[in-house]
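Novice: coords please:
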Amino acid sequence: MNCAILYVCVLAVPLSAKDLDRYQRYLSHKKELLEAMAAVPLEKGIASLRELSDQGDPVAQAVLAEALVEGRGVEKDKKKAAELFEAALPGVREFADKGDNLAKNVLGDLYERGHGVAQDYGRAVELFRAACDKGDARGCCNLGIMYSEGWGVARDLAKTADLERKSCDGGFGEGCRSLGVMHAEGQGAALDPAKAVKLYRKACGMKDADACWFLADMYAEGQGVERDPGKVLELYAESCAMGSGAACHNLGAKYRGGEGVAKDAARAGDFFRRACHLGQQEGCEASGIMTAAKAVNGLLEDYAAKLKPENMRKACDAGDGAKCNDLGAAYSLERDEVRAVGFFRKSCDLSNGTGCRNLGDSYDEGLGLTRDQGKAAELYKKACGLGDAKGCSALETIEKRRAEMR
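Specialist: You can find the predicted model right below:
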């Protein structure tokens, strides 16, 4: 008896031949789906989610739709998300009703957030509890959050701690991190910074980006562990690479202020831009691209008319490289890296040094195109030659980095 048949045999409600085939196909690539969901950062799993979604996997469709709504790892697209939710819901409900724990969690997430369905905390609790009762670590973690917030149940931090402990013991990183927070703050669990450090370290090892960030803060403050500035930098970098915008911003601040590391404005800018790309507003403000983004999105009512989006586009089309760069920066903030790269490239072709540098950043970080540090160095060199001081600094930084790798 193969695994797919085994799973079907334990279902409470029999499946039709057509539904059985769809469910077996889902089970056959469930491991791939879980890997895509756990990808760090999530951008790396988006291609797999799209592929599975295109194949008609309802759970993958729902997960991708949530990412599109929130802009996690992909450009926001609420219209496409709505289409995917509509296509996914019947299948996700069916799989959840038949006993699949992943489907229960995904459907519970939708009810918790009101994505594709009317928000219903009570229904979310039912689904998370059903998964947790079957020993599913993700379900226990989600149920713990509901008790922590008092959503659909009476707030009970002791219950939250029990559930997050169960989740952590089951190998779910977020459960370990959540329990760590409770011990760090003495809320719902004994105040025990050393225990919090141990839990953050475990979760960090499971590729939980926020856990690595929290662990870095413990090393910075000497809470539950000896202060270690070097370890702080290491953990911020690890968390940033996993997709934590806050960690990227904190790392940028370290390089900007020379805290535990030599001052390096170019590297600080790199990390601030990465934080901004990950949706961290402070990173946007620190990197200086928030102003252009606000102009494009109409968030500054008194912004000069000449900087209105339609006028910026007209100016770009007329050969104004600076305006092309501003548009690229705005699209980058909206996580539409492909469009951003297009405008940066046009700006650079129009001999705008900032545009060349930003295009270099895109190549250096692999945003909107394949990562290519050699190409990034060429663009930084061009930016420097066009009088962009930050381009010169970026060139020096990347050349040092490449030399160290040789």
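
Novice: okay, the lengthiest helix in the chain in CSV with CA atoms only?
Specialist: Identified as the longest helix of the chain according to DSSP state H is helix 78-97. Extracted in CSV, the C-alpha atoms of helix 78-97 (Å, rounded to 0.1, in the frame of the first residue of the first chain):
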residue,chain,number,x,y,z
LYS,A,78,-5.3,41.6,-5.0
LYS,A,79,-7.2,40.9,-8.3
LYS,A,80,-5.2,37.7,-9.0
ALA,A,81,-5.5,36.8,-5.3
ALA,A,82,-9.2,37.0,-5.5
GLU,A,83,-9.2,34.7,-8.5
LEU,A,84,-7.0,32.1,-6.8
PHE,A,85,-9.1,32.2,-3.6
GLU,A,86,-12.3,31.5,-5.6
ALA,A,87,-10.6,28.6,-7.3
ALA,A,88,-8.9,27.2,-4.2
LEU,A,89,-11.7,27.3,-1.5
PRO,A,90,-13.8,24.3,-2.6
GLY,A,91,-10.8,22.0,-2.7
VAL,A,92,-9.2,23.4,0.5
ARG,A,93,-12.5,22.9,2.4
GLU,A,94,-12.8,19.4,1.0
PHE,A,95,-9.3,18.4,2.0
ALA,A,96,-9.8,19.9,5.4
ASP,A,97,-13.1,18.0,5.9
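
Novice: show me what contacts the closest residue in space to Leu34 that isn't next to it in sequence?
Specialist: Of all residues beyond its chain neighbours, the one nearest Leu34 is Leu102 (7.2 Å), with distances taken as C-beta to C-beta, 6 or more residues apart in numbering. Every C-beta, even on glycine, is put in place using the N, C-alpha and C of the backbone. Residues near Leu102 by C-beta atoms under 8 Å, 6 or more residues apart in numbering: 30, 33-34, 59, 95, 138.

Novice: Could you do Gly353 as well?
Specialist: Contact analysis of Gly353 by C-beta under 8 Å, 6+ apart lists 382-388, 391.

Novice: before we move on, what about Lys80?
Specialist: Listed by C-beta under 8 Å, 6+ apart, the contact partners of Lys80 are 65, 68.

Novice: Just the pLDDT at it, thanks.
Specialist: pLDDT for Lys80: 94.

Novice: That one and Ala253: what is the separation?
Specialist: 36 Å (C-beta to C-beta, to the nearest Å).

Novice: Show me the domain layout of the chain.
Specialist: The record's domain parsing of the chain by automatic domain parsing lists 1-119, 292-405.

Novice: Can you pull the poorly scored residue ranges out of the chain?
Specialist: The chain contains residues with pLDDT under 70 at 1-20, 287-311, 333-335, 402, 404-406.

Novice: does the residue nearest to Leu34 sit in a helix or strand, and which one?
Specialist: If you go by DSSP states H and E, Leu102 is part of helix 101-113.

Novice: what angle separates the helix or strand following that helix from helix 78-97?
Specialist: Counting by DSSP H and E, the element after helix 101-113 in chain order, helix or strand, is helix 121-133. Orientation of helix 121-133 against helix 78-97 (axes from the mean of the first three to the mean of the last three C-alpha atoms, to 10 degrees) gives an angle of 50 degrees.

Novice: ok, and what's touching whatever helix or strand comes next after helix 121-133?
Specialist: Once helix 121-133 ends, the next helix or strand along the chain (criterion: DSSP H and E) is helix 137-149. Here helix 137-149 makes contact (C-beta under 8 Å, 6+ apart) with 101-102, 104-105, 108-109, 112, 121, 124-125, 127-133, 151-153, 155-157, 159-164, 166-172, 174-175, 178, 188.

Novice: Report all helices and strands that the next helix or strand after helix 137-149 contacts.
Specialist: Sequence order places helix 157-169 as the next helix or strand after helix 137-149, per DSSP H and E. Packing partners of helix 157-169 (3 or more C-beta pairs under 8 Å, 6 or more residues apart in numbering; DSSP states H and E): helix 137-149, helix 173-185, helix 193-205.

Novice: What residues of the helix holding Leu102 count as buried?
Specialist: Buried residues in helix 101-113, counted by 16 or more other C-beta atoms under 10 Å: 101-112.

Novice: out of the contacts of Gly353, who has the most neighbours?
Specialist: Ala383 (27 neighbours; other C-beta atoms under 10 Å).

Novice: Now that residue: which helix or strand?
Specialist: Here Ala383, judged by DSSP H and E, is contained in helix 373-385.

Novice: likewise Asn250?
Specialist: Asn250 is part of helix 245-257, with elements assigned from DSSP H and E.

Novice: Now mean neighbour count and distance to Gly45 too, for the helices and strands packed on helix 157-169, in CSV please.
Specialist: Formatted as CSV, those follow (neighbours: other C-beta atoms under 10 Å; distance: least, C-beta to C-beta, whole Å):
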stretch, mean neighbour count, distance to Gly45
helix 137-149, 24, 16
helix 173-185, 24, 15
helix 193-205, 21, 19
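
Novice: Relative to Ala237, how far out is Ala38?
Specialist: Distance of Ala38 to Ala237, given as C-beta to C-beta: 20 Å.

Novice: neighbour-wise, which of these two wins?
Specialist: Neighbour count, other C-beta under 10 Å: between Ala38 and Ala237, Ala237 has more, with 17 against 14.

Novice: residues touching that one, list them.
Specialist: Ala237 sits next to 247, 251 when contact means C-beta under 8 Å, 6+ apart.
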